[in-house]
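Q: Okay, here's the prediction I keep looking at, along with the sequence it came from:
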Amino acid sequence: MNIERNDLDALNAELSISIAPSDYAERVESAIKKYRKSAQIPGFRPGHVPASLVKQRFGKSILAEEINQVIQDNLYKYISENKIEILGSPIPTGEDDEVGNWDNPGDFKFRYHLGLAPELNIDLNNSLTFDYFKVNVDDTLIDKQAKDLARRYGKMSEPETSGGEDMIIVKFDELDSNGDVKEGGISHQSTVSVEFVTDEITKNKLIGLKIGDEVTVDPRLLSANHEDLGKMLNISHDAVHHLESLFRLTVVEIKRIEPHAVDQELFDKLYGEGEINGVDAFRAKVKGDLENMFAGDSDYLFKREFAKKYTESINPQLPDSFLKKYIALTNEKPVTAEMIEHDYPYYAAQLKWELIEGKIIRQYEVRVAPDDAVAHVKRVLAARYAQYGLPMEDEMLTEFAKKSLAEKEEAKRVYDFLYEEKIMEVVKQNCTLNVKEMSYDDFVHMAQHA
């Protein structure tokens, strides 16, 4: 076998693969023998089908399969040994470029198109300045969090009329165009938290209601997104997109949480006996916890903005034509040229960032060890259990973490997250951060619209 490389330009190359009978004949004969053992052909007992008949009926397909396997094995071996950085997978240039006779096999020649990864020059230094946005944890935020913590240990009551912070259990019935209950329409019982309804007109409709009261609502104004709406009405994601009806909302129950007093008893319940003493220490603890929580959001926003701006500044070039052809060939569902053209800019932007990430990982020797993954999962689990006042022994956390990481998808998610986290640490250490504090509302607006 012989493989020759021809660079078309900096981002595209072709490999010409020449195959002689000595490269595939033995494999084909072995495959035919194996096929004889399992072939089911009328008139012959299993394992006794003549080799000549197998060759006659299946020889060409067996030949094609074995030659293809020979090509794949040697193609990727050549790419690996020659340290060729490719994007996607090699693509055959087409049947017109094939040389060889499948009916009378001898020498064959095939050509494959390669999309090459661009050369990247990564230089993270303090002359590069990036904005880093932080939430200003002020008294308003501290008051709100303190109130939420007090409600967590509050007592449930059932008031006669609903208030602005109550939960109401309601029955939804879909209405027709005349305002009557639609025959065969959607009917489901669910819970609505009045305080989280953002539409003021709809929210006011839900205040002052008693059990048995009915109001007409647009359910889309009761939920934050399509997923929540689907769960609230117990309908599919597709049905949510086609939902236009109004609904009759009937109050079934009203629940109210009476907050716990902000006192030492609450502090002990939240953090352990004697850990936090006095209101001032409690508020300082709340502030610190909020700052830690928002730090993750700041990092996420920073990563998103850095990825966008740094990718634009480097602007790596890609073998666009090759990648569009690769997308068309490898997509699970048929796609049109118009669909590929529409989605390609997003695909290309993500691919460029992945190439930059890979370069930073190699250049700055970023590593995530198994112990890092276990420690991360333990922190997440400990925080989750702590929310419910359930401290966990370190040994048990370690066991849970290892079980979690034994799941392939979960392990990939954790390692991807930790690599991104370490990449951002490299960026922060080498570049200049322009720290900007802003209100929580402004921060949320930026995160949603930037």
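A: Thanks, I have it. Residues are numbered from 1 along each chain as shown.

Q: count of neighbours near the closest residue to residue 231 other than its chain neighbours?
A: Excluding the flanking residues, the one nearest residue 231 by C-beta to C-beta, 6 or more residues apart in numbering is residue 190, at 7.8 Å. All C-beta spots, glycine's among them, are computed from the backbone N, C-alpha and C. When neighbours are defined as other C-beta atoms under 10 Å, residue 190 has 17 of them.

Q: what's in contact with the strand or helix carrying residue 190?
A: Residue 190 is located in strand 187-193, with elements delineated by DSSP states H and E. Applying C-beta atoms under 8 Å, 6 or more residues apart in numbering, the external contacts of strand 187-193 come out as 166-174, 206, 222, 231-234, 249, 252.

Q: Repeat that for stretch 82-101.
A: So stretch 82-101 is contacted by 5, 13-15, 19, 75, 78-79, 106-117, 318-319, 322-323, 325-326, 329-330, 351 (C-beta under 8 Å, 6+ apart).

Q: Quick one: end-to-end distance for it.
A: 30 Å (C-alpha to C-alpha, to the nearest Å).

Q: Now that stretch: buried residues?
A: 87-88, 90-91 (16 or more other C-beta atoms under 10 Å).

Q: residue ranges with poor pLDDT in the stretch 351-450 of the chain?
A: The model of the stretch 351-450 of the chain has pLDDT under 70 over residues 387-390, 450.

Q: scratch that, the chain
A: 37-40, 43, 45-49, 51-52, 54, 56, 95, 387-390, 450.

Q: Domain ranges for it, per the record?
A: 2-116, 155-258, 277-449 (automatic domain parsing).

Q: between the ones you listed, which one is nearest to residue 264?
A: Each of the domains of the chain has some distance to residue 264 by C-beta to C-beta; the shortest is domain 277-449, at 7.1 Å.

Q: biggest strand in this structure by residues?
A: Looking across the chain with DSSP state E, the single longest strand is strand 247-258.

Q: That one: what's the following helix or strand?
A: helix 264-271.

Q: Confirm residue 351 sits in a helix?
A: Yes - Residue 351 forms part of a helix when assessed by DSSP: H, G, I helix; E, B strand; the rest coil.

Q: Quick one: residues contacting it.
A: 87, 318, 323.

Q: between the strand holding residue 190 and strand 247-258, what angle do the directions make?
A: 40 degrees (axes from the mean of the first three to the mean of the last three C-alpha atoms, to 10 degrees).

Q: Pull out the buried positions in strand 187-193.
A: Within strand 187-193, judged by 16+ other C-beta under 10 Å, the buried ones are 190, 192.

Q: Can you turn the buried part of the contacts of strand 187-193 into a ChimeraX selection?
A: Buried residues among the contacts of strand 187-193 (16+ other C-beta under 10 Å), as a ChimeraX selection:
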select :166,167,168,170,172,173,174,206,222,232,233,249
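
Q: still on that earlier bit, helices - which of the contacts of stretch 82-101 land there?
A: Judged by DSSP state H, the subset of those located in helices is 75, 78-79, 322-323, 325-326, 329-330, 351.

Q: Can you go through the residues you listed and name the buried ones?
A: 75, 78-79, 322-323, 325-326, 351.

Q: between the residues you listed, which is nearest residue 282?
A: Of all those, residue 351 has the smallest distance to residue 282: 48.6 Å, by C-beta to C-beta.

Q: that older thread, partner strands of the strand holding residue 190, parallel or antiparallel?
A: The pairing partners recorded for strand 187-193 under DSSP bridges are strand 167-174 (antiparallel).
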